[in-house]
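Chemist: My questions are about this predicted structure, shown below with the sequence.
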Amino acid sequence: MLIQTLLDALQQAVLFIPLTLGIYLTYRILAITDLTPDGTFILGAAIFAHCLATGHSQVFSVIFALLGGAVAGIAVCLLQRYAKINSLLASILAVFMLTSINFGVMGTPNINLLSYNTYLNNLQSSNITHFNIFLISMALVLTAGIFLLINSRFGLRLRAFGANKTLLAKLGKYPTIYLAFGLALSNMLAALCGVFTAQVNGYSDIHMGMGMALTGIGAVVIGCKLTSSLFLRNPHFSLISDLIGCFVGTYIYFLIVNVFLLIGLNPIYLKLFLGLILVLFLASASYSKKNYQKVLFHD
Amino acid sequence: MLKKLLLYALLATVIVLNTCITAIADPAKAVTVGIVVPVQIDAMTQITDAFKTTLTTLYPGKITYIVLNAQGDSNLQRSMFLQLKAKQVNVVVPIGTMATQMAMSVNQSQSIVALAAEIKEADRAKMKKQNMTNVLDEVSVTKQLEFIHAAMPQLHHLTLVYSTDDSIFPQAKEAAIAGKKMGISIQPIMMQEMPDLYALSKHIDKNSQAIFILKDGKIVAGISILIQQAQKRGIPVIASDDGSVASGAAFAVGLSETQIGVDGASLAVQVLNGTAPKNIPIKIMSNYSLFINLPAAKKQHLDVAALETAAKKFGYPVVVEK
């Protein structure tokens, strides 16, 4: 039973990884708080379901969904740069507007995908091992992609945008391009997560993305703090540590949820206990970092 | 040698007899039923309680219930279905369309008895896995409006407040068409997010003669806002379920939440007795009742006698809340 719970949590975590990576890009690399994935997660699912329902192939449906996410990300960038709206506020406004857009795309609040032969749903029902392998492979490929991107010259500029955009501008680079790219990629990943979730759950619904961005931010913060402070003990930026952290954070989140359900905790108090455990993790990570700095100072 | 053979034969007979006696004495095995409630509202509690009470009465064996509340969180809901899968519960009982769709994706090898899901016989036929049956609680808005028209013939302007819930959307469209045929102009007010309800309630037309809400969990959750507006204007709030009437609507023509649970239990017992869910027809509820809240009806200036006369004409039983 415990092994099954560990596997269930792993399956949910890898399904969620695209969204966590997207949030990592904006939150840690671009250093902005973007809640748009709450809306683009649904947008991806909505476009995918609509395209499928109107007779398009699955590949085209996924491509359209990804494009939808990217366009939403660019729109948020325009809100920030040209309408001069603060990043958090711009993303809240974007989620607000996306509620209507998602509804418009689907035409109805819910599209049932159980009667379509979606790839992931088929895999889930025919061979659960292959399904898990596919999800893990997909998560690894995406993580490797992000690793290569951030390690490239372009990725360095993305990091520079987050660290000091004034310097980036002084170096003759146009910061808006990097912001637009980062937001487009982040929301594209959120849309991809929406597509996966719609296929696995068997539906697309305009209410399916509630709280996704906050869960993702929580996973990134916890995971990155844990890996950098507890295990790697490196006070400087470490991409590998951060990417492992994204996975660890996401896994911890789903593991706690599943373990609480397993031990029969009253679900009413589930989020309270989940929050308390996360506070414990963050506090211990923070204390561990302070102790490490003390040791460095004495040395 | 013969003695040994006789001894073995005797031993075998005792074992077979013991098995038979145990089977006769306790034909029904102990079972586990997992219920997933997507969000905690009164209607869900009524459905769950009625389901558990009825199933406990109908099924002779011991039943262990696992009731899980997802609090509107789809990640949490998926974890719950995975847990029910790991625990190999005998019947999975999701409430509502979204929960049922998720259950059908996750719990493909388990029997599913859905309650109040917007899944009809034709929808089930299209699905690859048909391991489910359902209690379809679709209320005919046309029938509701026919009743309202008969009970309140002077009513020509009605405000319909509805949410973007999957089952509600087509009903709102149906209401507009049916209202037109009966000479009732309907002002549609759609709520996308719960905090919008207060502002929207201020935009109810001045000449509106009643506020009508469907079997719509999100609107029902904010019904007190509409009741305040209705009392200010001296018009009634007409609902579609008994829970809303208990919360202060003047009256409702609709299906009882309790009955959804009762009907669901009758499907679940068939599944527990060995019938495959796909061989159990989807139960379409049609037993309408008139629910009246007397104090609320008085405050909202409603003629209760006219309602009772109309109920008699339509053959609906009347349930009065005092």
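Modeler: Cool, got the structure. Everything numeric in this text was worked out from a predicted model, so none of it was measured.
Chemist: quick one: low-confidence parts of chain B?
Modeler: B:1-7, B:9-28 (pLDDT under 70).
Chemist: need the residues of it near chain A, please.
Modeler: B:40, B:68-76, B:78-80, B:82-83, B:86-87, B:97-98, B:101-102, B:104-106, B:108, B:118-119, B:123, B:126-129, B:164-166, B:168-170, B:192-193 (CB under 8 Å from any CB of the partner chain). Heads up, the C-betas are built off the backbone N, CA and C, glycines and all.
Chemist: Filter those down to the ones in strands?
Modeler: Using DSSP state E, the subset of the residues of chain B next to chain A located in strands is B:Leu68, B:Asn69.
Chemist: At which residues are the helices of chain B located?
Modeler: Ranges of helices in chain B, per DSSP state H, are B:2-25, B:42-58, B:74-86, B:97-106, B:121-126, B:141-151, B:168-181, B:196-201, B:217-221, B:223-233, B:242-246, B:257-272, B:294-299, B:304-314.
Chemist: can you list those in JSON lines and add mean neighbour count and distance to A:Asn151?
Modeler: Listed next are the helices of chain B as JSON lines, based on neighbours: other CB atoms under 10 Å in any protein chain shown; distance: least, CB to CB, whole Å:
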{"stretch": "helix B:2-25", "mean neighbour count": "9", "distance to A:Asn151": "68"}
{"stretch": "helix B:42-58", "mean neighbour count": "19", "distance to A:Asn151": "50"}
{"stretch": "helix B:74-86", "mean neighbour count": "24", "distance to A:Asn151": "31"}
{"stretch": "helix B:97-106", "mean neighbour count": "27", "distance to A:Asn151": "37"}
{"stretch": "helix B:121-126", "mean neighbour count": "13", "distance to A:Asn151": "47"}
{"stretch": "helix B:141-151", "mean neighbour count": "21", "distance to A:Asn151": "59"}
{"stretch": "helix B:168-181", "mean neighbour count": "17", "distance to A:Asn151": "47"}
{"stretch": "helix B:196-201", "mean neighbour count": "16", "distance to A:Asn151": "46"}
{"stretch": "helix B:217-221", "mean neighbour count": "21", "distance to A:Asn151": "47"}
{"stretch": "helix B:223-233", "mean neighbour count": "19", "distance to A:Asn151": "54"}
{"stretch": "helix B:242-246", "mean neighbour count": "24", "distance to A:Asn151": "57"}
{"stretch": "helix B:257-272", "mean neighbour count": "23", "distance to A:Asn151": "55"}
{"stretch": "helix B:294-299", "mean neighbour count": "16", "distance to A:Asn151": "67"}
{"stretch": "helix B:304-314", "mean neighbour count": "16", "distance to A:Asn151": "73"}
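Chemist: Would you format these as a markdown table with distance to A:Thr227 included?
Modeler: Compiled in a markdown table, the helices of chain B are given as follows (distance: least, CB to CB, whole Å):
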| stretch | distance to A:Thr227 |
| --- | --- |
| helix B:2-25 | 56 |
| helix B:42-58 | 40 |
| helix B:74-86 | 22 |
| helix B:97-106 | 30 |
| helix B:121-126 | 46 |
| helix B:141-151 | 55 |
| helix B:168-181 | 45 |
| helix B:196-201 | 41 |
| helix B:217-221 | 40 |
| helix B:223-233 | 47 |
| helix B:242-246 | 48 |
| helix B:257-272 | 47 |
| helix B:294-299 | 58 |
| helix B:304-314 | 66 |
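Chemist: Could I get the full set of helices for the stretch 51-200 of chain A?
Modeler: A:58-81, A:87-106, A:119-126, A:128-151, A:153-163, A:165-170, A:175-201 (DSSP state H, counting those that start in this stretch).
Chemist: Just the buried positions in stretch A:81-97, please.
Modeler: A:Ile85, A:Ser87, A:Ala90, A:Ser91, A:Ile92, A:Leu93, A:Ala94, A:Val95 (16 or more other CB atoms under 10 Å in any protein chain shown).
Chemist: Model confidence for A:Gly73, exactly?
Modeler: In this model, A:Gly73 is scored at 96, pLDDT.
Chemist: Wait, it touches A:Leu189, no?
Modeler: No. A:Gly73 is not in contact with A:Leu189 according to CB atoms under 8 Å; the separation is 9.6 Å.
Chemist: Many thanks, have a good one.
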